[in-house]
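Trainee: One predicted model, sequence on top.
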Amino acid sequence: MAAAKLDGLLKGKFRGCMLGTLLGDCLGAPFEGEAGSKVVVQKYFEKIDGPYKKSPQKRYTDDTAMMKSVAKCLIDKPSMDFKYLANLFVKEYYNEPRRGYGANVVEVFHKLRSSKFEDVYKPAREQFNGTGSYGNGGAMRMAPIPLFFNNNYEAMIEAATNATRLTHTHSIGINGALLQAIAIHQSLMLDPHEKADHQIYTKKLIEKMKAIETEDIHDLLDHTPYQTQLKKVAELLNLETSKKEISEDEVVAALGNSIAALHSVPTSIYCYLKAQNEIAGIETDNPFRRTIQYAISLGGDTDTIAAMAGSIAGAHYGEEFIGENLRKHCEFVDEIIEISDELFKVTPIS
């Protein structure tokens, strides 16, 4: 394939991944904290993906706000200056504090600013009596890192780790962000017009997490929790392959839908893999829309799970699968495309 065509394909995947985070975030936010309902979510998507009617745009949350800071850091300082990134996070928060930031990350931002960013990792390290946060805040903003480091896996892992440690220092929080980065990276390498083999896809993720989950996690009985969750993902998908219907309640019981990274990142991966095929109660032929629609139907932390699932799906399918009507209902779409293109320009392409 000609180099120009490959560049165009990769540029579309950059846009797809970044838009996937934004759209999953914006469209999932109105359902955050609610119990899942396929019927309600189907009607919601029929309305916004049908004939366009002008209405107030859905607002993005802290998920997108922090993701765009990660992208800006890579654009401005491709060597990844983490003190600069911490400054960007804090500046973004104080400019627009009403984006749904959690109290714990706000505390980190206050301490960073009051300490003049002397030790950018200290405030997060001190949280929860020194154990650090195990939430999905690192994973939700991860998209730009696997895009930029698409040709350098080791550098991607290092950058993702350090970018997460600014707010989350518990190994569950860090490893969840790494798993999200790895999933995006894997999907970025796929043909947008072919399905991922879910058995191969999950097997690769498990193998890569084996190299990451090497430390004992003393507050958990299972010292390889992400590998365990990924095996559950594979088991659920294998059951569905044998024509068994898996309910949303069963999925939530097995994988979770909370703000904990362990109970949301594997769920987002499951949503993406499941949505490659038709899902009962979700009426669309578009696998990208089906991914975020199904993620929202699981309830719980809908904006973040849909944002993470959307970024993985967007990295696979690219911009061409993201419908215009969905875009029109979300704020900041043009700006995210511009940021994505700027990130693509500074990304080393071999």
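Mentor: Cool, got the structure.
Trainee: Return the distance of Arg98 relative to Cys271.
Mentor: Noted for Arg98: a distance of 28 Å to Cys271, by C-beta to C-beta, to the nearest Å. For the C-beta atoms, the positions are set from N, CA and C on the backbone; glycine is no exception.
Trainee: again but with Ile212, I slipped
Mentor: 22 Å.
Trainee: Neighbour count: the two, which is higher?
Mentor: Per other C-beta atoms under 10 Å, whichever of Ile212 and Cys271 has more neighbours is Cys271, with 30 against 18.
Trainee: Excluding its own residues, what touches the helix or strand where the more buried one lies? List them.
Mentor: Using DSSP states H and E, Cys271 falls within helix 265-274. Around helix 265-274, the neighbours that count as contacts under C-beta atoms under 8 Å, 6 or more residues apart in numbering are 136, 139, 176-177, 179-180, 183, 187, 196, 198, 201-202, 205, 226, 229-230, 232-233, 236-237, 240, 251-252, 255-257, 291-292, 294-295, 298, 305-306, 308-309, 312-313, 316.
Trainee: Going by neighbour count, which residues of it are buried?
Mentor: 265-274 (16 or more other C-beta atoms under 10 Å).
Trainee: Name the nearest of the residues you listed relative to Tyr60.
Mentor: Ser268 (17.1 Å; C-beta to C-beta).
Trainee: Verify the contact between Ala261 and Gly135 for me.
Mentor: Yes - between Ala261 and Gly135 a contact is recorded at 6.2 Å, counting by C-beta atoms under 8 Å.
Trainee: higher neighbour count, the two?
Mentor: Ala261 (34 against 25).
Trainee: Tell me who's in contact with the more buried one.
Mentor: Contacts for Ala261 were tallied using C-beta under 8 Å, 6+ apart; they are 134-136, 138-139, 168, 172-173, 175-177.
Trainee: residue closest to the middle of this protein?
Mentor: Most central in the chain under C-alpha atoms, centre = their mean is Met308, positioned 2.3 Å from the mean C-alpha point.
Trainee: Please tell me I have it right and Ser258 contacts Thr302.
Mentor: No - the criterion here is C-beta under 8 Å, and Ser258 misses it with Thr302 at 11.2 Å.
Trainee: Export the host helix or strand of Ser311 to PDB, keeping only CA atoms.
Mentor: Counting by DSSP H and E, the element that carries Ser311 is helix 302-317. Extracted C-alpha coordinates of helix 302-317, given in PDB (Å, rounded to 0.1, in the frame of the first residue of the first chain):
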ATOM      1  CA  THR A 302     -21.400   5.600  31.700                       C
ATOM      2  CA  ASP A 303     -19.400   8.600  30.400                       C
ATOM      3  CA  THR A 304     -16.000   7.100  31.200                       C
ATOM      4  CA  ILE A 305     -16.700   3.500  30.100                       C
ATOM      5  CA  ALA A 306     -18.200   4.800  26.900                       C
ATOM      6  CA  ALA A 307     -15.300   7.100  26.400                       C
ATOM      7  CA  MET A 308     -12.800   4.300  26.900                       C
ATOM      8  CA  ALA A 309     -14.700   1.900  24.700                       C
ATOM      9  CA  GLY A 310     -15.200   4.600  22.100                       C
ATOM     10  CA  SER A 311     -11.500   5.400  21.900                       C
ATOM     11  CA  ILE A 312     -10.600   1.700  21.400                       C
ATOM     12  CA  ALA A 313     -13.400   1.300  18.700                       C
ATOM     13  CA  GLY A 314     -12.300   4.600  17.100                       C
ATOM     14  CA  ALA A 315      -8.700   3.500  16.800                       C
ATOM     15  CA  HIS A 316      -9.900   0.400  15.000                       C
ATOM     16  CA  TYR A 317     -12.600   1.800  12.700                       C
END
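Trainee: And the closest residue to Asn87 other than its chain neighbours, which helix or strand is it part of?
Mentor: Excluding the flanking residues, the one nearest Asn87 by C-beta to C-beta, 6 or more residues apart in numbering is Phe117, at 6.3 Å. Using DSSP H and E, Phe117 sits in no helix or strand.
Trainee: From Ser55, how far out is Phe117?
Mentor: 41 Å.
Trainee: cool, and Ala261?
Mentor: Counting by C-beta to C-beta, the gap from Ala261 to Ser55 is 33 Å.
Trainee: Looking at the residue nearest to Asn257 when sequence neighbours are not counted now. What's its pLDDT?
Mentor: Spatial nearest neighbour of Asn257, chain neighbours left out: Gly300 (2.9 Å); criterion: C-beta to C-beta, 6+ apart. The per-residue pLDDT reported for Gly300 equals 96.
Trainee: and if you look at Gly33?
Mentor: 86.
Trainee: One more: Glu245?
Mentor: 80.
Trainee: Is it in contact with Val251, as I believe?
Mentor: No - taking C-beta under 8 Å as the definition, Glu245 is not a contact partner of Val251, at 11.2 Å.
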